[in-house]
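J.: pasting the sequence and the predicted coordinates here, then a few questions.
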Amino acid sequence: MSDLESCFHNEMLNLYRAVRHEVHYDARHLIARVTDVGGLEAARALLRSDRFSDGFVAITLAGRPDLTLEALVLREPWRPLFTDQELAIARRRLGECGIGDDGSDQLASRSLRLRLA
């Protein structure tokens, strides 16, 4: 595991803690996956999914799209860990909800509610 991958693993653990503390969403499945296969592979597996994860929906509806995995992987220094296709998936998911690459958008929760309705 490279230093960058190790740092990303730790960032995934930090993301879990931030989501639990700030959004009050307990993504136990995420922390279990990170613990089992590592942060990078857990992120890649979530990006391979054909649908929004429950965590993405909960976090975005709580008004904190910046705490989504999709927003995390699009930030430096993590981008080089992911393929162009994985980054495109993250960008598309955020974009479909009216959220910018950095996870910022005050209308994100409203946009996602409209999309899911």
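T.: Now that the structure is in, tell me what you want to look at. On a predicted model such as this, the values are computed, not experimentally measured, just so you know.

J.: list the contacts for residue 30?
T.: Residues counted as contacts of residue 30 (C-beta atoms under 8 Å, 6 or more residues apart in numbering) are 12, 16, 42, 46, 55. From N, CA and C alone the C-beta is placed, and that goes for glycine too.

J.: tell me how many other residues crowd the fourth one.
T.: A total of 21 residues lie near residue 46 under the criterion other C-beta atoms under 10 Å.

J.: report pLDDT for it.
T.: Confidence at residue 46, expressed as pLDDT, is 95.

J.: residue contacts, it?
T.: By C-beta under 8 Å, 6+ apart, the neighbours of residue 46 are 30, 53, 69.

J.: quick one: buried residues of whichever helix or strand it is part of?
T.: Assigned by DSSP states H and E, residue 46 falls within helix 39-48. Going by neighbour count (16 or more other C-beta atoms under 10 Å), the buried part of helix 39-48 is 39, 40, 42, 43, 44, 46, 47.

J.: what's near enough to touch the second one?
T.: Right, residue 40. Contacts of residue 40 by C-beta under 8 Å, 6+ apart are 5, 8, 9, 81.

J.: which single one of the residues you listed is nearest to residue 65?
T.: Comparing the contacts of residue 40 against residue 65 with C-beta to C-beta places residue 8 closest, at 19.4 Å.

J.: if I pick the closest one, what's in contact with it?
T.: Contacts for residue 8 (C-beta under 8 Å, 6+ apart) come out as 39, 40, 43, 78, 81.

J.: next step: the contacts of residue 46 restricted to helices.
T.: Members of those lying in helices (criterion: DSSP state H): 30, 69.

J.: distance to residue 88 added to the contacts of residue 46, as TSV?
T.: Below are those laid out as TSV (distance: C-beta to C-beta, whole Å):
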residue	distance to residue 88
30	22
53	17
69	15
